[in-house]
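>>> Provided below are the primary sequence and the corresponding predicted coordinates.
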Amino acid sequence: MKSKFTPYLILLLLLLQIFPAFVMAMDVTLAWDPNTDSTLAGYRIYARESGEAYNYGYPEWEGTDTQVTLQGFDEYESYYFVVRAFDSEGNESGDSNEVYLPSDYSSDNGLDNGGTSGGGSGGGGGGCFIDTLFSN
């Protein structure tokens, strides 16, 4: 005797095989020292996964705040972040220091720059220095 749930069970098993596991998204909060240049128009944050290059044509965020929470990062990936200042004419500074968020990061711990500096991209950044990195 067949159960009335058999077709639904088969469908569920097929869907689980077809679609990848759902990945929990994490939020990342970055804070940096402000740029004091009189022509400052704002900041842009760039992110990259481990093994990839930054795409400076598409910032993760743009604005005037010196702290921002970015959303939707895969908790099973490692990420690097830099911030750049830009002026009213669109000129952009070099990268700030680079910070690293490892894939095995524990959301119970706030990391500061001392614990997350990823070797840095050198000076630049128009006076920006990423000071704090938190993930929830």
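Done, it's in.
>>> let me see the contact set for residue 51.
Contact analysis of residue 51 by C-beta atoms under 8 Å, 6 or more residues apart in numbering lists nothing. The way it works is simple: take the backbone N, C-alpha and C, and place the C-beta from them, glycine included.
>>> so it is in which element?
In the assignment (DSSP states H and E), residue 51 maps to no helix and no strand.
>>> okay, and the beta partners of the nearest residue to residue 39 once chain neighbours are set aside?
In space, and not counting its chain neighbours, residue 39 is closest to residue 87: 4.2 Å by C-beta to C-beta, 6 or more residues apart in numbering. In this entry, residue 87 is beta-bridged to residue 40, by DSSP bridges.
>>> report how many residues lie close to residue 87.
16 (other C-beta atoms under 10 Å).
>>> that one contacts residue 37, doesn't it?
Yes. Residue 87 lies in contact with residue 37 (C-beta atoms under 8 Å); the separation is 7.1 Å.
>>> what are the buried residues along the helix or strand hosting residue 27?
In the assignment (DSSP H and E), residue 27 maps to strand 25-32. Using 16 or more other C-beta atoms under 10 Å as the test for burial, strand 25-32 gives 26, 28, 30-32.
>>> got it, and stretch 83-97?
83-87, 92-93, 95-97.
>>> who's in contact with the residue nearest to residue 39?
Contacts of residue 87 by C-beta under 8 Å, 6+ apart are 37, 39-41.
>>> at 10 Å instead, please
35, 37-42, 93, 126 (C-beta atoms under 10 Å, 6 or more residues apart in numbering).
>>> which of these are buried?
35, 40-41, 93, 126.
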